[in-house]
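Asks: Here is my input, please return the structure:
(one chain, ligands or ions: 1)
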Amino acid sequence: MTTESETYRPEIEKSDEQWRQELSPQEYEVLRKAGTERPYTGEYYDEKTAGTYACRACGAELFTSNEKFDSHCGWPSFWAPLAEDKVRYLHDRSLGMERIEVRCSRCDSHLGHLFKGEGFDTPTDQRFCINSVSMKLVEAP
Ligand SMILES: [Zn+2]
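Replies: Numbering: from 1, shown residues only. Alright, predicted model coming up:
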């Protein structure tokens, strides 16, 4: 029997050196080293423009403005991804907390974390708390 983590291979695979060259230092730190941008500093936490949020590392479409909501947490928040197969989930036990890490399923880059049951008035009661620097907003035509 194999687990999902053993069989998973990202469609886009690059060496650490390649990612370092292609991404800015801040993008690299968040996307490839699972860093977190400081709250209320990202480009999109308060963004209301209609459009699609794509992975800044590989360009895969991940979230849309339709599922974005105001969580007042300082990071862009979504109640669902564009489609479930766009992201993958990992258990994250760093910082002494049980959290669910959210990654791009195409290139395995870190996006943010998923929190559940916080009582937000959204259809799923889930909050995808995503770093602005992990995404690029493509405005709707
Ligand atoms: Zn990606």
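Asks: from here on, contacts and neighbour counts on C-alpha atoms
Replies: Fine.
Asks: what residues does the helix or strand hosting residue 111 touch?
Replies: Secondary-structure element containing residue 111, defined by DSSP states H and E: strand 110-116. Around strand 110-116, the neighbours that count as contacts under Cα atoms under 8 Å, 6 or more residues apart in numbering are 30-34, 36, 99-104, 125-131, 134-135.
Asks: distance between it and the chain's centre?
Replies: Strand 110-116 has its C-alpha centroid displaced from the chain centroid by 6 Å (Cα atoms, centre = their mean, to the nearest Å).
Asks: moving C-terminal of it, what's the next helix or strand?
Replies: Counting by DSSP H and E, the element after strand 110-116 in chain order, helix or strand, is strand 126-130.
Asks: mind exporting the strand holding residue 111 as CSV, just the C-alpha atoms?
Replies: Listed next in CSV are the C-alpha coordinates belonging to strand 110-116 (Å, rounded to 0.1, in the frame of the first residue of the first chain):
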residue,chain,number,x,y,z
HIS,A,110,4.2,26.6,-0.5
LEU,A,111,1.1,28.8,-0.6
GLY,A,112,-0.1,29.2,2.9
HIS,A,113,-2.3,27.3,5.4
LEU,A,114,-5.9,26.1,5.7
PHE,A,115,-7.9,26.8,8.8
LYS,A,116,-11.3,25.4,9.6
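Asks: about what we covered before: what's the ChimeraX syntax to select whichever of the contacts of strand 110-116 are buried?
Replies: To isolate the buried members of the contacts of strand 110-116 in ChimeraX, using 16 or more other Cα atoms under 10 Å:
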select :30,31,32,34,36,99,100,101,102,103,104,126,127,128,129,130,131,134,135
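Asks: Check the contacts of strand 110-116 one by one and keep those near the ion.
Replies: With Cα under 5 Å from the ion as the criterion, the contacts of strand 110-116 include residue 104 near the ion.
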